[in-house]
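In: Here is the input, now give the coordinates:
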Amino acid sequence: MKRRILVFSDYYLPGYKAGGPIKSIASIVEMLGDDFSFYVVTSAKDLGELQRYEGIKLGEWVKVGKGHVFYTDSGLPPWNDLMKLLSGNWSCVYLNSFFSSHTIKVLLALGILRNKTPVLLAPRGEFSPGALNLKRRKKQCYLAVARLMGYYDRVCWHASTPREQSEISAYFPLPPDSRRGPGRFFVAGNLSTNPGGVANPLPEKQSGQLRVAFLSRVARKKNLHYALKVLSEASGSIAFDIWGPLEDQAYWHECQAIIETAPTTLQVIQKGPIESKDVVTMLGKYHLFLFPTLGENFGHVILEAMAAGCAILISDATPWRGLQEKGYGWEIPLSRPESFVAALNEAVSWDAARFAEVSAAARTAAAAYLEHAGNVDANRSMFAAMVNFSSNAA
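Out: Prediction:
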């Protein structure tokens, strides 16, 4: 009989506006669903939406892919129902945010119940310097209280990379005896199912012209204003399309102010949200994907852009490395905006033959990542270890 994993996530399928975390959890469920039984508790609404998903059933387990999903209006059941749910026979509780109020409530409920079910927490990039600098005072205060009160003493940590492990352990150091339970770190790379999409013919490319896409939530962490500034300084004729939901309206107004003063050689269009199934096909119409994010623990959209054949221009605040050496892009520190401009100018100068070489390299790199079995094995071993903690505690 498969061991049961209880998953809490603010958003899940069929949603798509919350981006990467939905894709990460859905990939775990689909790729490890033959080994473990996953039960996901989540919101019945997508990020920023007031209306529920069409045809959704509330307050009961619904089969979705290889997992089961429990939808509620708030993302969590009422307190008494939550306590009852957590009292069930679970081999592991898997939390997918550090700062989410849902995570805090689940940990408090487990503490009240004196429930010894092992807890695995994936912060999903929330400890990156760029992410922590947003609303920094509020986050630092909560971190201090959380450590003082021991809210997270019982959890194990899921880091996607050694870098993320270092970022987490700066606040929650590895205990001396953590091999057998709480405090242990697992480093298991993000899983991603094949992004699919239709393979488009390469978009026409002439030297002096460039089609650029940005796809993410319009929020300060994603750094759209930085993209607009470096694009404004680049040469050539550039068409820049912004895809993704407008999460932060005040921030979007700041971006609009930059757009209003942009040179006439830069044409900017705000396209809005796009469903996950259409992303690769859409990105295949562009030459370059620009994403100067303040921090990602993976960046599913980067992999999708590679699969679409886009050149990649990103910040160095993601796990993706060696893009220039591999022939399909650049990862550049945000402290060097002039290097972003230089990369854009180089891409503008490409002719059709050069772009075809870069596009082929990007597709090859995406295929190689998707075919690599190591991340699947690491995630499987991580959940197997958590289940083993449960068996030992029983």
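
In: what residues are up against Leu224?
Out: By C-beta atoms under 8 Å, 6 or more residues apart in numbering, the contact set of Leu224 is 214, 216, 218, 242, 251, 255. All C-beta spots, glycine's among them, are computed from the backbone N, C-alpha and C.

In: Narrow these to those in strands?
Out: By the criterion of DSSP state E, membership of the contacts of Leu224 in strands covers 214, 242.

In: Val7: which of the contacts of Leu224 is nearest?
Out: Nearest to Val7 out of the contacts of Leu224 is Ser216 (C-beta to C-beta; 23.6 Å).

In: pLDDT wise, what is the residue nearest to the closest one when sequence neighbours are not counted at?
Out: Once flanking residues are discounted, Ser216 sits nearest to Lys222: 4.3 Å by C-beta to C-beta, 6 or more residues apart in numbering. Looking at Lys222, its pLDDT stands at 97.

In: what about the chain, any weak spots by pLDDT?
Out: Residues of the chain that meet the criterion pLDDT under 70 lie in 175-183, 196-199, 373, 390-394.

In: Phi and psi next, for Pro201.
Out: phi -60, psi 150 (degrees, to the nearest 10).

In: Please apply the same query to Ser87.
Out: The phi/psi pair for Ser87 (degrees, to the nearest 10) is phi -80, psi 0.

In: Skipping its backbone neighbours, what lies nearest it in space?
Out: Using C-beta to C-beta, 6+ apart, the nearest residue to Ser87 is Leu113, at 6.2 Å.

In: which residues does that neighbour contact?
Out: Counted by C-beta under 8 Å, 6+ apart, Leu113 has contacts 83, 86-87.

In: need these in CSV with neighbour count and distance to Ser37, can you?
Out: Listed next are the contacts of Leu113 as CSV, based on neighbours: other C-beta atoms under 10 Å; distance: C-beta to C-beta, whole Å:
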residue, neighbour count, distance to Ser37
Met83, 15, 21
Leu86, 19, 16
Ser87, 13, 18
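
In: closest to Ile314 among those residues?
Out: Looking across the contacts of Leu113 and measuring by C-beta to C-beta, the closest to Ile314 is Leu86, at 39.0 Å.

In: Could you give the number of residues near the closest residue to that closest one other than its chain neighbours?
Out: Excluding the flanking residues, the one nearest Leu86 by C-beta to C-beta, 6+ apart is Ala109, at 5.5 Å. Ala109: 18 surrounding residues under other C-beta atoms under 10 Å.

In: quick one, phi/psi of Ala109?
Out: According to degrees, to the nearest 10, Ala109 has phi -60, psi -40.

In: ditto for Arg354
Out: phi -70, psi -40.

In: Same question for the one 4 residues further on.
Out: The phi and psi torsions at Val358 (degrees, to the nearest 10) take the values phi -60, psi -40.

In: Which residue is the nearest non-sequential neighbour of it?
Out: That would be Ala311: by C-beta to C-beta, 6+ apart, it lies 4.9 Å from Val358.

In: Which residue ranges of the stretch 1-150 of the chain form helices?
Out: With helices called from DSSP state H, counting those that start in this stretch, the stretch 1-150 of the chain shows them at 20-32, 79-86, 101-113, 129-133, 136-149.

In: Can you lay out these as TSV showing distance to Met282?
Out: As requested, the helices of the stretch 1-150 of the chain are exported to TSV (distance: least, C-beta to C-beta, whole Å):
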stretch	distance to Met282
helix 20-32	16
helix 79-86	38
helix 101-113	31
helix 129-133	26
helix 136-149	34
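
In: Any idea which of those gets closest to Ala385?
Out: Comparing the helices of the stretch 1-150 of the chain by C-beta to C-beta, helix 20-32 comes nearest, at 13.3 Å.

In: Show me how far the closest one is from its chain's centre.
Out: 10 Å (C-alpha atoms, centre = their mean, to the nearest Å).

In: looking at the helices of the stretch 1-150 of the chain, which is buried most?
Out: helix 20-32 (a mean of 22; mean count of other C-beta atoms under 10 Å).
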